[in-house]
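[1] Sequence plus predicted model, see below.
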Amino acid sequence: MVNRKILSLVFVRESTKILLGFKKRGFGQGRWNGFGGKVEQGETIEEGAIRELQEEAGVLSHDLSKIGLLEFEFVGEPTILQVHVFTTTSYIGLPTESDEMKPQWFEVDRVPFDEMWPDDSLWFPLMLKGAKFQGYFLFHGHHNILKYNLEEVERFKY
Ligand SMILES: Nc1nc2c([nH]c(=O)n2[C@H]2C[C@H](O)[C@@H](COP(=O)(O)OP(=O)(O)OP(=O)(O)O)O2)c(=O)[nH]1
């Protein structure tokens, strides 16, 4: 039986820059990414996103916009990861390194896709131009995308 794990993913934007964190441990270790993680029992997805951004980057925002809904399936694994993607331009606090993430600002035309999840180079252009998007990716291991679909949407199905 297939089950779904709900995760958040937050990108902080500032004029021509985007804040990424280098994942120091766990799932996605050694890759740059936004900040996020599992939604806990009793919190909404957005509350989970706010908490993870604070825990991992030391930044507090109560003004997140949902911009993406991505699902990831891995061959041989029963769990589909459902990732809810948010952005914000308004926050307080200075990005600070945590046990999990080392934050760093990148110019939007210098995003280090070679050191990120391989799907990111497909949907980042949609995020960066301000579109909403929805997608599905089937992975073999953590490096190969076997098939995918990705579309811009006006609103999300969930
Ligand atoms: N950019 C990008 N992010 C992804 C992909 N797949 C994927 O799960 N993520 C995100 C969603 C989450 O923000 C993060 C994974 O969350 P996590 O396992 O670190 O969750 P957590 O912090 O609760 O974990 P932990 O405390 O139990 O270690 O990675 C992907 O293909 N691209």
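    That came in fine, so what should we check first?
[2] Put the alpha carbons of the single longest strand found in the chain into PDB.
    With secondary structure taken from DSSP state E, the chain has its longest strand at strand 3-14. Output in PDB follows, covering the C-alpha atoms of strand 3-14 (Å, rounded to 0.1, in the frame of the first residue of the first chain):
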ATOM      1  CA  ASN A   3       1.300   6.000   2.000                       C
ATOM      2  CA  ARG A   4       2.200   9.700   1.800                       C
ATOM      3  CA  LYS A   5       4.600  11.700   4.000                       C
ATOM      4  CA  ILE A   6       3.800  15.400   4.200                       C
ATOM      5  CA  LEU A   7       6.800  17.800   4.100                       C
ATOM      6  CA  SER A   8       7.300  21.500   3.900                       C
ATOM      7  CA  LEU A   9      10.000  23.400   2.000                       C
ATOM      8  CA  VAL A  10      10.600  27.100   2.300                       C
ATOM      9  CA  PHE A  11      12.600  29.500   0.200                       C
ATOM     10  CA  VAL A  12      13.400  33.000   1.500                       C
ATOM     11  CA  ARG A  13      13.800  35.600  -1.300                       C
ATOM     12  CA  GLU A  14      15.400  39.000  -1.200                       C
END
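[3] Mind checking the pLDDT average for the one helix or strand I50 maps to?
    I50 belongs to helix 45-57 when elements are defined using DSSP states H and E. Model confidence over helix 45-57 averages 98 on the pLDDT scale.
[4] Buried ones in it, by neighbour count?
    Taking 16 or more other CB atoms under 10 Å as the neighbour-count basis, helix 45-57 is seen to contain the buried residues 45-46, 48-54, 56-57. Every C-beta, even on glycine, is put in place using the N, C-alpha and C of the backbone.
[5] how about the residues of this structure near the ligand?
    For the chain, the residues in contact with the ligand under the definition CB under 6 Å from any ligand atom are 7-9, 26-28, 33, 36-38, 72, 81, 83, 117, 119-120.
[6] 5 Å instead, please
    Residues of the chain lying close to the ligand (CB under 5 Å from any ligand atom) are 7, 9, 26-28, 33, 36-38, 81, 83, 117, 119-120.
[7] Counting neighbours, which of those residues comes out on top?
    When neighbours are counted by other CB atoms under 10 Å, G36 leads the residues of the chain next to the ligand with 24 neighbours.
[8] Could you tell me the end-to-end distance of stretch 23-39?
    The first residue of stretch 23-39 is 18 Å away from its last residue (CA to CA, to the nearest Å).
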